[in-house]
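>>> Build the 3D model from these lines:
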Amino acid sequence: MKKFLQENYVGGNTFGVVINYSDITVKEEEIELLLGYPPYHTPDPFKELIREAIEESKRIIEIKAGYKIADVASKQEDLTGLTIAEKYFDLQKIVTGVLKKSDSIAVFSLTIGDALEAKSKELLKKGDLVAGYIYDAVASITAEACADTLHEHIKAKMLRKNQKVTNRYSPGYCNWNVIEQHILFSLLPKNFCGITLTDSALMSPIKSISGIIGIGENVKYLEYSCNECNIKDCTYRTINYLKKKTN
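Reported below is the predicted structural model:
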């Protein structure tokens, strides 16, 4: 990313970030992979349906994003958790191991709204299963593209302070229990980015992403190791597996 995104300070070391569609990169080949096709080998009419869904998404999604910089503390003997903003997170070994050297944590959330998901459900209800699934895939990849952009923005901002960032991690992944989504959202303003949680910790709108990013002089960004995670239907896992299969 060549420039910082616009930020709005909302108090409590929390920032709203303005992300426009022109700021993100939605890769058509990743949508093809998610649909089960090798990149650039998707047959017609699927290729055209993908492009139509992408064009539609440009018109109807509503991106909202932001983050909070929070203090972090860890105990040397504790290999499975960290205290972030005085709240203890049972992150398990994978996430704790990556974040343990962090000086602070960026707690983030974002959404693309519910319009694209509603379009997918409408098509499925009408019996157009192919188009409905394509719209759902486009929505998933678009949300991940927004998370990539927010991640890069935080990285660029921290580089100005001679600090680095880690990978981002979300509740429900890398063995981190999704129920801790409630603790994560307790650190953010109420209804931040227009996202709410169900009792079972699912986000609404559905195409939303939340998580944490480590910040510090001694942290590292690592390649994701999917074989260490027990989530089988992760977008990253699916894309990475299919990329390896098609190479």
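
>>> can you give me the strands in this structure?
With DSSP state E as the criterion, the chain has strands at 7-11, 14-17, 64-73, 82-84, 87-89, 104-111, 164-169, 196-197, 203-204, 208-216.

>>> Switch those strands over to TSV; also include mean pLDDT and distance to K125.
Every C-beta, even on glycine, is put in place using the N, C-alpha and C of the backbone. Below are the strands of the chain laid out as TSV (pLDDT from 0 to 100; distance: least, C-beta to C-beta, whole Å):
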stretch	mean pLDDT	distance to K125
strand 7-11	96	37
strand 14-17	98	34
strand 64-73	98	26
strand 82-84	97	41
strand 87-89	98	39
strand 104-111	98	22
strand 164-169	96	34
strand 196-197	97	24
strand 203-204	97	19
strand 208-216	98	22
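
>>> Turn those into TSV, columns for distance to P45.
Compiled in TSV, the strands of the chain are given as follows (distance: least, C-beta to C-beta, whole Å):
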stretch	distance to P45
strand 7-11	42
strand 14-17	37
strand 64-73	33
strand 82-84	47
strand 87-89	46
strand 104-111	30
strand 164-169	35
strand 196-197	37
strand 203-204	32
strand 208-216	30
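
>>> Same list as before, the ones you listed that is, but in CSV and with mean neighbour count and distance to F185 included.
Shown next, in CSV, are the strands of the chain (neighbours: other C-beta atoms under 10 Å; distance: least, C-beta to C-beta, whole Å):
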stretch, mean neighbour count, distance to F185
strand 7-11, 11, 15
strand 14-17, 20, 12
strand 64-73, 20, 11
strand 82-84, 20, 12
strand 87-89, 17, 11
strand 104-111, 24, 7
strand 164-169, 21, 15
strand 196-197, 14, 6
strand 203-204, 18, 9
strand 208-216, 24, 7
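
>>> Indicate which one of these is closest to H153.
Closest to H153 of the strands of the chain is strand 14-17 (C-beta to C-beta; 6.1 Å).

>>> Export that closest one to PDB, keeping only CA atoms.
C-alpha atoms of strand 14-17 as PDB (Å, rounded to 0.1, in the frame of the first residue of the first chain):
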ATOM      1  CA  THR A  14      -9.600   3.500  19.100                       C
ATOM      2  CA  PHE A  15      -9.700   4.500  15.400                       C
ATOM      3  CA  GLY A  16     -12.200   4.100  12.700                       C
ATOM      4  CA  VAL A  17     -10.600   3.500   9.300                       C
END
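
>>> circling back: of all the strands of the chain, which one is nearest I179?
Nearest to I179 among the strands of the chain is strand 196-197; the distance by C-beta to C-beta comes to 10.1 Å.

>>> and the biggest helix by length in the chain, how far from the chain's centre?
In the chain, assigned by DSSP state H, the helix with the most residues is helix 129-159. Relative to the centre of its chain, helix 129-159 is centred 7 Å away, using C-alpha atoms, centre = their mean, to the nearest Å.

>>> got the buried residues for it?
131-147, 149-151, 153-155, 157-158 (16 or more other C-beta atoms under 10 Å).

>>> first vs last residue of stretch 54-69, how far apart are they?
Stretch 54-69 stretches 33 Å from its first residue to its last (C-alpha to C-alpha, to the nearest Å).

>>> Compute the number of surrounding residues for A201.
Counted with other C-beta atoms under 10 Å, the neighbours of A201 add up to 17.

>>> Contact partners for it?
P171, G172, V178, I179, E180, Q181, H182 (C-beta atoms under 8 Å, 6 or more residues apart in numbering).

>>> you'd agree the fourth one is up against T198?
When you say that, I think you mean I179. No: contact criterion C-beta atoms under 8 Å: I179 and T198 do not qualify, at 11.1 Å.

>>> Right, I'll call it a day here.
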